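Enquirer: make a model of this:
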Amino acid sequence: MKTILITGGAGFIGGCLVRQLLAEEPRVRIINLDKLTYAGNLDSIRGELKIPRHTLIQGDICDAALVAELLRDFRPSAVMHLAAESHVDRSIDGPAAFVCGGRTPSANQVSTWHYEAVEIEGEAHALSDDEPVQLLDALSDTMEGRYSAERPWEPDGEEGHFGLAVDDYSHTTAPNRRYADLVMQRLVKATLANAPTPYTADELDAIAERCTLMENSARKVERAMRKAVAATLLEHRVGESFDAIITGVNQSGTFARLTHPPAEGRLMRGEHGVDVGDRVRVKLIGVDVAKGFIDFARE
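Expert: Below you'll find the predicted structure:
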């Protein structure tokens, strides 16, 4: 029996996933962690609550101790992180909840499974390569999105929204997509008024391309600032040693991320013979705050 931990399993998307997995995968056991806030709806999984293979646990995904306990007790083979604050208007009144709901849970899961020893029957065991854990962060910002003007009537057009079961659907609303949201509102307004569309197909394609370009540019600035902040944090710790995990090996170099603090830098010495996922011990040998450079040497 395979065990899957799903966070936000009483929400709109999470509930749909829970129902589908229990219906189609008879050898899957689901541990459903949900805080049951405004976004949770027990009615969406009311029938599934009676299935023995489904365990609902009411709790906060930002509670590191609880997440660690669930991972250690149930030892899931996969974690599907679907719980997060997502209502844009609520981010104005309480932005801290958005940071916690989107970033902290993923960090808790990675820290527990990848960087710490797991205690089993009174003995400490490090996770081995044959005990992989798949961390599926459905709301991760590591994937670069691309804007496009969809044409549902074309053979390769979008087919609507699987969860809402509607044919006419578009999604543009998000804190970092204000202009795309404005364009969509203009299109909807024209449709409701039976007025001519405010944009031609070519203009929509150009707008989508421009939105993609600008968002990618903003993402580069954000990455640069994160590197500069991390370098500032470590500026006075040159010479210290840290536990780390190899996160990248390519033509640009070999990169490692510290387990604490979670800062990433380049492995300047001892980079040969390591691969992504390897746990290593590194020494901080240099920092350049202006450029956001953090240099390590493998011990």
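Enquirer: would you map the strands across the stretch 1-150 of the chain?
Expert: Using DSSP state E, counting those that start in this stretch, the strands of the stretch 1-150 of the chain run over 2-7, 28-34, 54-58, 78-81, 118-120, 123-125, 134-137.
Enquirer: typo on my end, it should be the stretch 151-299 of the chain
Expert: So, for the stretch 151-299 of the chain - with DSSP E, counting those that start in this stretch - the strands run 241-250, 253-258, 264-269, 279-288, 293-298.
Enquirer: got the domain ranges for this structure?
Expert: With automatic domain parsing as the criterion, the domains of the chain are listed as 2-137, 235-298.
Enquirer: and the shortest one, how far apart are its ends?
Expert: If I follow you right, that is domain 235-298. Criterion Cα to Cα, to the nearest Å; first-to-last residue distance in domain 235-298 is 18 Å.
Enquirer: returning to what we had before: which one of the domains of the chain lies nearest to residue 202?
Expert: Residue 202 lies closest to domain 2-137 among these, at 29.6 Å (Cβ to Cβ). Using the backbone N, CA and C atoms, a C-beta is placed for each residue, glycine as well.
Enquirer: pLDDT value on residue 227, please?
Expert: On the pLDDT scale, residue 227 is placed at 86.
Enquirer: was I right to think it contacts residue 288?
Expert: No. Residue 227 is beyond contact range of residue 288, at 9.7 Å (criterion: Cβ atoms under 8 Å).
Enquirer: the more surrounded of these two?
Expert: residue 227 (19 against 13; other Cβ atoms under 10 Å).
Enquirer: mind checking how far the more buried one is from residue 270?
Expert: Distance, residue 227 to residue 270, using Cβ to Cβ, to the nearest Å: 21 Å.
Enquirer: now swap in residue 209 and tell me
Expert: 43 Å.
Enquirer: circling back to that earlier point, quickly, which of the strands of the stretch 1-150 of the chain bottoms out on average pLDDT?
Expert: Ranked by mean pLDDT, the strands of the stretch 1-150 of the chain bottom out at strand 134-137, with a mean of 34.
Enquirer: so the top helix by length along the chain versus strand 253-258, what angle?
Expert: When the chain is scanned for its longest helix (criterion: DSSP state H), the result is helix 201-234. For helix 201-234 against strand 253-258, the angle by axes from the mean of the first three to the mean of the last three Cα atoms, to 10 degrees is 60 degrees.
Enquirer: list the buried residues for helix 201-234?
Expert: For helix 201-234, the neighbour count (16 or more other Cβ atoms under 10 Å) marks 204, 207-208, 211-212, 215, 227-228, 230-231, 234 as buried.
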